[in-house]
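>>> no FASTA, just this:
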């Protein structure tokens, strides 16, 4: 996870390949309820930052100033209704939930998470740095500022760009659980 960028633009062909990785992830029932709002360059990325972290003392104190130089921000947005509609179609009727409320696991978030990971991995493969971070209480205001329909949910934001030197995050030193602690072969 890269939290500092040098601000240099990302080659458009590279960006297209990275974004295409998100389009090709699994999608329950091929519902395809994912959209990507892509902001490129300082004028467009400022539309996000001006809502999510308005200019002023909070932005001045923000620990990750280099993140504000990311030349690309990608907001993965999901549509729950796309899943309900897809599973109401003749070939899927009876095989899954036909309404959003009936889904025991909201696959729009699962599929969206796979898309986020695909973008992160594709960015690394292209020699870019990437970071996924949350929208939290700014989700709806940011989405509204970008014209995203009200029935969509923003998963967060993916920053993309060329890495700049930076200090490690506070969580970087936290040890990962061992494989033996994570994997339960044959049952729990």
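Thanks, I have it. As the structure is a computational prediction, the values presented were derived from the model and not from experiment.

>>> tell me, which helix in this structure spans the most residues?
Once the chain is assigned using DSSP state H, the helix that runs over the most residues is helix 107-125.

>>> average pLDDT for it?
Helix 107-125 shows an average pLDDT of 97 in the prediction.

>>> next one: it to chain centre, how far?
From the chain centre to the centre of helix 107-125 is a distance of 7 Å (C-alpha atoms, centre = their mean, to the nearest Å).

>>> what packs against it?
Helices and strands in packing contact with helix 107-125 are listed as helix 12-23, strand 34-40, strand 72-78, helix 80-86, strand 129-133, strand 157-161; criterion 3 or more C-beta pairs under 8 Å, 6 or more residues apart in numbering; DSSP states H and E. C-beta here means a position set from N, CA and C on the backbone, and glycine is covered the same way.

>>> Look up which residues are beta-bridged to residue 74.
Residues in a beta bridge with residue 74, per DSSP bridges, are residue 38, residue 158.

>>> Assess the claim that it and residue 122 are in contact.
No. Residue 74 sits out of contact with residue 122 when judged by C-beta atoms under 8 Å, with a separation of 11.1 Å.

>>> So which of these two has more stuff around it?
Neighbours of residue 74 and residue 122, each counted by other C-beta atoms under 10 Å, are more numerous for residue 74; the result is 26 against 21.

>>> Can you tell me how far the more buried one is from residue 55?
22 Å (C-beta to C-beta, to the nearest Å).

>>> same check, this time on residue 135
To residue 55, residue 135 is 18 Å away according to C-beta to C-beta.

>>> and those two? which has more neighbours close in?
Each of residue 135 and residue 55 has its neighbours counted (other C-beta under 10 Å); residue 135 has more, 19 against 10.

>>> Look up the closest residue to that one, ignoring the ones flanking it.
Nearest in space to residue 135, with sequence neighbours left out and distances taken as C-beta to C-beta, 6 or more residues apart in numbering, is residue 154 at 5.1 Å.
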